[in-house]
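# let me see the structure of the following:
(one chain, ligands or ions: 1)
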Amino acid sequence: MITARSTPNIALIKYWGNRNDDLRLCAAGSTSMTLDGPYVDVSVECADTFSVSSHNKKLGEKDIARFSKTYELIKTYLTAQSSQLRAQSSLSISIDSHIPPSIGLASSAAVFSALAKAIAGLLDTGLTDEQISVMARLGSGSAARSIFGGFAALTNHESRIANNELIDTSTAYQIATSEHWPLHDIIIVPSMDEKKVGSTEGHAAAWSSPHFRDRLSAIEHHRLQDCIDAIREKDFEKLQQVAEEDCLDMHRCMSTQTPPLNYLNAETHRITGEIEEIRKSEHLPVLYTMDAGPTVHLFCEESARMRVLEYAKAQKGCAIFEARAGKGSRILG
Ligand code: DP6
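Residues are numbered from 1 along each chain as shown. Have a look, this model is predicted:
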């Protein structure tokens, strides 16, 4: 049995929409910071029949079908890589999640990156992290980025090759390590309601937004590179501008697609407005970003941490959680 541990990541340039939903081939590049916690452990072993179980959550038929489909796709990918790389015909998967359901952090990125890492460990044939990122992406697009510690990018290689639909035309890589820029993520959770529509369904309708094509073009033409440059140069102001622009742009697309997805609520808008004011008046290196929910992630440098934490703790009725840049997926043992 092999166990791998992984953590969520929070996007700075958001992944939204696919050019192939089945293979989760993303329509544009994205970037993120991998958190140092909370974590998920996934154990895998060879078995006669496919099974998946979770220590902390009752898995429904839909969940099991997703794991089974992911494993079939991973086998297809591995066979295409090399005839030596045939994965076991069946697998037993066991998930032990330490991500509290109340903190508004999606666990799929951590779960599928840990699954990919564990399968690679079981095969023990020296797959690269880039190859493992493809395996993770087949289960959840954003999981490809959690393979790496620090800051990662998920690329869209569509234009570089003749066949756009190839399984590995979207891979992740590390932009910089966690030591390069040890940013904090102070997380404010205004609502603990289960979201009604998950990312998978949302991605499938992304193209129906009249703003979606402009979004892809902005990411391709400047945003992705600006974000990567900001991370490499540790230029917080540049990161803040590009990350907030992209976050608000994604939510504009979400809310104008059919059917519309409005993940942000009045509390989110109040908090982001107040953060803009505090940042301006106190010259604080802090930025906000939100994924598919009302949870606000406040990324900041060490110099702003105490002030941002003080602000977060003063928010009545909100749960607060703190993380920093982490190390990515690893095999335990
Ligand atoms: C808004 O990776 O959760 O968080 O591939 O269906 O699992 P699936 O989608 P997922 O989508 C992430 C959407 C996002 C932005 C991001 O993390 O980049």
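
# doesn't Ser97 make contact with Ser54?
Yes - counting by C-beta atoms under 8 Å, Ser54 does reach Ser97; the two are 6.9 Å apart. C-beta: built from backbone N, CA, C; applies to glycine.

# who's more crowded, the two?
Neighbours were counted for Ser54 and for Ser97 using other C-beta atoms under 10 Å; Ser97 has more, 19 against 16.

# the more buried one and Leu183, how far apart?
As for Ser97, its distance to Leu183 is 24 Å (criterion: C-beta to C-beta, to the nearest Å).

# apart from its chain neighbours, what residue comes closest to the residue sitting nearest the centre point of the chain?
The centroid of the chain falls nearest to Ser142 when counting by C-alpha atoms, centre = their mean (3.4 Å). Nearest residue to Ser142, sequence neighbours excluded (C-beta to C-beta, 6 or more residues apart in numbering): Ala109, at 4.4 Å.

# is that neighbour in a helix, a strand, or coil?
What DSSP: H, G, I helix; E, B strand; the rest coil gives for Ala109 is helix.

# surely it is in contact with Ala143?
Yes - here Ala109 reaches Ala143: they are 4.5 Å apart, a contact under C-beta under 8 Å.

# please name the residues that touch the residue nearest to Ser142.
Going by C-beta atoms under 8 Å, 6 or more residues apart in numbering, Ala109 touches 6, 8-9, 140, 142-143, 145-146.

# could you dump the residues you listed to JSON lines with pLDDT?
What follows is these, written out as JSON lines (pLDDT from 0 to 100):
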{"residue": "Ser6", "pLDDT": "98"}
{"residue": "Pro8", "pLDDT": "98"}
{"residue": "Asn9", "pLDDT": "98"}
{"residue": "Ser140", "pLDDT": "97"}
{"residue": "Ser142", "pLDDT": "98"}
{"residue": "Ala143", "pLDDT": "98"}
{"residue": "Arg145", "pLDDT": "98"}
{"residue": "Ser146", "pLDDT": "98"}
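
# please tell me which one of those counts the most neighbours.
Compared across these, Asn9 has the highest neighbour count, 34 neighbours, by other C-beta under 10 Å.

# need the contact list for that residue.
Listed by C-beta under 8 Å, 6+ apart, the contact partners of Asn9 are 32-35, 109, 142, 145-146, 152.

# what's the spacing between Ile74 and the ligand?
Distance, Ile74 to the ligand, by C-beta to the nearest ligand atom, to the nearest Å: 14 Å.

# many thanks, we can stop here.
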